[in-house]
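K.L.:
Quick one, what's the 3D model for this:
(chains A and B, ligands or ions: 2)
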Amino acid sequence: MDRLLTLPPVPSPADGTHPLQPRIDARAAAALMTADGVSNLSRRGFLGFGAGALVLGALLPAMPARAQAASATASAAAVKPGSRVPAFLVIGRDNGVTLLSPFVEGGQGISTGMAQIVGEELDVDPRRFTVECAPPGPDYAVINGLRMTGGSFSTRSSYPLMRRLGATARDMMIRAAAATMAVEPQSLSTEDGFVVHAASGRRLSYGELAPAALALPPRDDVALRDPAVFRYIRQPMARLDVRAKSTGKAVYAIDQKLDGMLYAAVQHAPNQGTEPTAIANKAEAAAMPGVHSVHTLPGAVAVAADSWWRARKAVEALSVSWSAPAATGLDTVAADYASDGLLAALKASTEAGIPAETAGDAATAVAGAAKVIEAEYQAPYLAHGQLEPPSSMARFNPDGTLELWAPNQMPELFQSVAAQAAGLSPDKVILHSPMLGGFFGRHFLYGSSNPFLQAIQLAKATGRPVKVLWSREEEFRMDALRPLSYTRFRAAIGADGRPTAIQARTVGEGPLGRWFGAVFKDPVDSSAVEGITEKPYAIPNRAMEYVKVPHPVTIAFWRSVGHSMNDFFYEGFLDEIADAGGQDPYALRMELLKDKPRHRKLLETVATMSGGWKRGPYEVDGTRRARGISMASPFGSETATIAEVSVRNGETQVHTVWVAFDPGSIVNPAIVRSQVESAVALGLSATLFEELVYKDGVRQSHNFDDYPILSRSSMPTVHVEIVESGAPMGGVGEPGLPGVPPAVVNAVAALTGRRIRSLPLAKTRIEV
Amino acid sequence: MTTIHVNGRAYQVAVDADTPLLWVLRDTLGLTGTKYGCGIAQCGACTVMIDGTATRSCQVPVESVGSADIRTIDAIEEDPVGRRVVDAWVAAQVPQCGYCQSGQVMAATALLKQTPKPTDTDIADAMTNLCRCGTYNRIAAAIRQAAG
Ligand code: FES
Ligand code: FES
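P.N.:
Numbers count the residues shown, from 1 in each chain, chains lettered A, B, ... in the order given. Ligands and ions are numbered 1, 2, ... in the order given. Predicted coordinates:
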């Protein structure tokens, strides 16, 4: 994922000199997804998709209505993201501040963080901010010329730019006040939403000044506040959305309703990629109470009714014949497709690997080693399991526009795809990006795994506004999955017990290559190997290779992406290296990080947090326990993790997890802490319980009863310590996760002598 | 027509008798604070109080509720215990995505109404709703705080 920050530059002569000029412009971002990227849809000609067309064909989406005044002269193509204040700030006469944020809030606290950053420089208390997700528009392409919420990019990518935005707006307030008061700007200061003339005691509110101030040309050389006198940034400020979310008042996509709206429920093909060929009882279903109409969609059937419950009952009563799945390949999931079969194919692959990371001469080191160890690690398909099931609402307005409410992590891309689906230009699609009831990577564009195209088609077919909601069962059928993954390792261990070489062969496919392949032509998909490559340890000879074997199923970004399994693989194997060399795993890591003070500090911190490193086993309250340690370097941040476990009735109990977390620098320590706690919980859920299995071409889990996720009874105590090393700001939402699976599995090995190389642990009965 | 009593008001609703209470609340009455997560009594997102007992409304056919007193998250702050729970939720900064929290707050309120000073075991037994964001420890801390 980090590759998004290092996209190759696309020079843009008009803007090339601005210090904040992103390295690519929106036109480059426009090519991010080809028609192949939404393969299932385009291949079926869904709603008039043309095969081969660029899905994100529109170069620059429409300006948001609120920002249009600002763009009267500037052509959209010349917009520097983050530079036009009125596109971001609406200040009412009551002095209330609304921030139109480039990012969608889904629990990660980004709205509060943005208010802190902008408020700090604007000089408005963030508690007085209302934060909304901005409409599509070029102003918001603040991640290197691209707009998305994901990859733990939001804060670190936009921090300088959003600070500058706040400072620029404050300067405009001061200049407008100077004109009104007929004084020199230098004689003015600001005070939480007011411009103050100290000499005369006069004060003007930002709200009074806004109409004149926001019409001024922005200066691009305003001074930023000295971090030494920050009042809001780095403070553990309360989240802005917490009371609404504690009283049922927060509004999610699923909660929205339009006048005259129909509710729609769907039944998808049992084998993904097959099509409905006949509905035997269509007339009976159409006659069921409240039913408006029965529809055939690509890969699905749908019922529109006057309530969702009636729509669901009717759609589930449909007796549908489906086309036969293709024998194999990427168009459909074959009738005999199985996770086991794919894993066997990954293991059996003999294709030469492409080097993903090479140092020294690993082959020679292995050939001459005193001792060589090998191991195979694997991790299953995972569902996102965000608690809000996907829904979307569409309405064709009398003025010819399409209005769409759709959960998404990339508004301009969704707008553009919706426009093509509806046969409209993007500026005729008004997209609302609602607050997300969890996402973890669920709401990127994943072909048939998003419901919004169904909403568009049903609104068109019925001539009414339509809300499509997927039942939890349909979501388990259609969710895009964290890919099943496999890596084989070999290590050479010297006579002194230290590793001299490591080799890894990773076979599979990552979501970056699948969905952003048009941009990332690198044959090594970083999202498939991250966490196996770029580890900090001083092992002199390294040969990490990648073999691409595509999955026939829809794969996804899932919280911490490749790190979600690869750090488990690598850090588990590193403990095997330590054991084989007779080394303590903590001591070996310290030794291999001799020249890495940032990492050593984290190891020392997590050891101290946990009362000093001890591996065990030892006794606590009559149970035998042990600890495992791991490190990870995800999304520009660094983590060291220790887990303490015991075993009861063949099952792993995790008592405590300690995480030392270094994201370089932070905006809100309370939110950082919550995010790490949350990532630990999800990582533990994957470690202990989660596995989505394909058998006979269909998924074997249908709801939370047969896809168990972490519940309260399995939640450990979590201790988080933030270390601000001052390194460049890293991500926060995902990095707490990857250290958890290996820390737990290493602890289980310390306790039982048994090395688990395949998740989840629930598959294996563990004996002490 | 069925009459149901929600948050102290009587509502006449024209729905099929087998419609789960959850969907009557959400789609018929527009009380969308109560959430749909699984529909099979696994997640607790749909928790409401029926005569003071935390109940998963996705499993309650509307015909079965009769004249029972239904309380939902939408009116939680009208209840003194509910208000204490909400304040504790805010103080402990419990919610992340927030989607499960309507159900969590209802389950916690029902617990504290029945057991004003719950033990850790009481909390563990009563608080079985799922949270994909993993806010479980803060939920427990907030309940202890609300219990005083
Ligand atoms: S929706 Fe009722 S328990 Fe999940
Ligand atoms: S806060 Fe997101 S599911 Fe609980």
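K.L.:
for chain A, which helix is longest?
P.N.:
If you go by DSSP state H, chain A has its longest helix at helix A:154-181.
K.L.:
just chain B next, same as before
P.N.:
Assignment by DSSP H gives helix B:101-114 as the longest helix of chain B.
K.L.:
which strands and helices sit next to that helix?
P.N.:
The contact analysis (3 or more CB pairs under 8 Å, 6 or more residues apart in numbering or on different chains; DSSP states H and E) places helix B:101-114 against helix A:242-246, strand B:47-50, strand B:53-56, helix B:80-91, helix B:120-126, helix B:136-147. C-beta: built from backbone N, CA, C; applies to glycine.
K.L.:
Using a markdown table, lay out those together with distance to A:A348, mean neighbour count and mean pLDDT.
P.N.:
Shown next, in a markdown table, are the helices and strands packed on helix B:101-114 (distance: least, CB to CB, whole Å; neighbours: other CB atoms under 10 Å in any protein chain shown; pLDDT from 0 to 100):
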| stretch | distance to A:A348 | mean neighbour count | mean pLDDT |
| --- | --- | --- | --- |
| helix A:242-246 | 48 | 22 | 98 |
| strand B:47-50 | 48 | 25 | 98 |
| strand B:53-56 | 46 | 20 | 98 |
| helix B:80-91 | 52 | 20 | 98 |
| helix B:120-126 | 46 | 15 | 96 |
| helix B:136-147 | 41 | 21 | 98 |
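K.L.:
of all the ones you listed, which lies closest to ligand 1?
P.N.:
Set against ligand 1 and scored by CB to the nearest ligand atom, the helices and strands packed on helix B:101-114 come closest in strand B:53-56, at 4.2 Å.
K.L.:
hmm, that closest one touching chain A?
P.N.:
No. Using CB under 8 Å from any CB of the partner chain, strand B:53-56 never reaches chain A; the gap is at least 12.3 Å.
K.L.:
Pull out the buried positions in the next helix or strand after that strand.
P.N.:
Counting by DSSP states H and E, the next helix or strand C-terminal to strand B:53-56 is strand B:69-71. For strand B:69-71, a neighbour-count test (16 or more other CB atoms under 10 Å in any protein chain shown) marks B:I70, B:R71 as buried.
K.L.:
Centre of the chain to strand B:69-71, how far?
P.N.:
Centroid separation for strand B:69-71 versus its chain: 10 Å, with CA atoms, centre = their mean, to the nearest Å.
K.L.:
Return the list of helices and strands in contact with that strand.
P.N.:
When contacts are defined as 3+ CB pairs under 8 Å, 6+ apart, strand B:69-71 sits against strand B:2-6, strand B:47-50.
K.L.:
Tell me the strands beside that strand, with direction?
P.N.:
Strand B:69-71 pairs in its sheet with strand B:2-6 (parallel), strand B:47-50 (antiparallel), by DSSP bridges.
K.L.:
Give me every residue in chain B lying close to ligand 1.
P.N.:
Listed as neighbours of ligand 1 in chain B under the rule CB under 6 Å from any ligand atom: B:Y36, B:G37, B:C38, B:G39, B:A41, B:Q42, B:C43, B:G44, B:A45, B:C46, B:R56, B:C58.
K.L.:
Can you classify the residue in the stretch 301-450 of chain A positioned nearest to chain B as helix, strand or coil?
P.N.:
Scanning the stretch 301-450 of chain A for the residue nearest chain B gives A:G437, at 3.1 Å (criterion: CB to the nearest CB). Three-state assignment for A:G437 (DSSP: H, G, I helix; E, B strand; the rest coil): coil.
K.L.:
Return the per-residue confidence for it.
P.N.:
On the pLDDT scale, A:G437 is placed at 98.
K.L.:
Pull the number of nearby residues for it.
P.N.:
Residues within reach of A:G437, counting by other CB atoms under 10 Å in any protein chain shown, total 31.
K.L.:
And A:P663, by the same measure?
P.N.:
Counted by other CB under 10 Å, the residues lying close to A:P663 total 29.
K.L.:
same question, the one 5 residues further on
P.N.:
By the measure other CB under 10 Å, the count of residues near A:N668 is 26.
K.L.:
go on, A:S725?
P.N.:
17.
K.L.:
Can you tell me the closest non-neighbouring residue to residue 92?
P.N.:
Chain wasn't specified; assuming chain A. A:G207 (5.6 Å; CB to CB, 6 or more residues apart in numbering or on different chains).
K.L.:
wait, I meant chain B there
P.N.:
B:A142 (4.0 Å).
K.L.:
Show me how the record splits chain A into domains.
P.N.:
A:4-25+A:253-325+A:390-469, A:34-246, A:339-381+A:482-763 (automatic domain parsing).
K.L.:
coming back round to it: any idea how far the residue of the stretch 301-450 of chain A closest to chain B is from A:E644?
P.N.:
32 Å (CB to CB, to the nearest Å).
K.L.:
cool, and A:Y232?
P.N.:
Distance check for A:Y232 against A:E644: by CB to CB, it reads 37 Å.
K.L.:
can you check B:G134 too?
P.N.:
Separation of B:G134 from A:E644 (CB to CB) stands at 18 Å.
K.L.:
try A:S187
P.N.:
Distance, A:S187 to A:E644, by CB to CB: 61 Å.
K.L.:
Then B:S102?
P.N.:
Taken as CB to CB, the span from B:S102 to A:E644 is 33 Å.
K.L.:
who are the neighbours in contact with the residue nearest to B:A92?
P.N.:
When contacts are counted by CB atoms under 8 Å, 6 or more residues apart in numbering or on different chains, B:A142 touches B:V85, B:A88, B:W89, B:A91, B:A92, B:V94, B:A108.
K.L.:
For the residue of the stretch 1-150 of chain A found nearest ligand 2, grab the count of nearby residues.
P.N.:
Nearest residue of the stretch 1-150 of chain A to ligand 2, counting by CB to the nearest ligand atom: A:G107, 5.2 Å away. Neighbourhood size, A:G107 [other CB under 10 Å]: 28.
K.L.:
ok, and the closest non-adjacent residue to it?
P.N.:
Residue nearest to A:G107 in three dimensions, not counting chain neighbours: B:C97, with 3.1 Å by CB to CB, 6+ apart.
K.L.:
Format the helices and strands packed on helix B:101-114 as TSV; extra columns: distance to A:G611.
P.N.:
As requested, the helices and strands packed on helix B:101-114 are arranged in TSV below (distance: least, CB to CB, whole Å):
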stretch	distance to A:G611
helix A:242-246	33
strand B:47-50	38
strand B:53-56	38
helix B:80-91	29
helix B:120-126	22
helix B:136-147	19
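K.L.:
so where is the chain shaky, pLDDT-wise?
P.N.:
By default, I'm working from chain A. Applying pLDDT under 70 to chain A flags the ranges A:1-77, A:329-331.
K.L.:
right idea, wrong chain: chain B
P.N.:
For chain B, no stretch is flagged by pLDDT under 70.
K.L.:
Name the residues of it found near ligand 2, please.
P.N.:
Close to ligand 2, as judged by CB under 6 Å from any ligand atom, chain B has residues B:P95, B:Q96, B:C97, B:G98, B:Y99, B:C100, B:Q101, B:C131, B:R132, B:C133, B:T135.
K.L.:
can I assume the fifth one sits in a helix?
P.N.:
No. Using three-state DSSP, the secondary structure at B:Y99 is coil, not a helix.
K.L.:
Tell me who's in contact with it.
P.N.:
Contact analysis of B:Y99 by CB under 8 Å, 6+ apart lists A:Y252, A:Q386, A:L387, A:E388, A:G437, A:G438, B:K35, B:G37, B:A45, B:R132.
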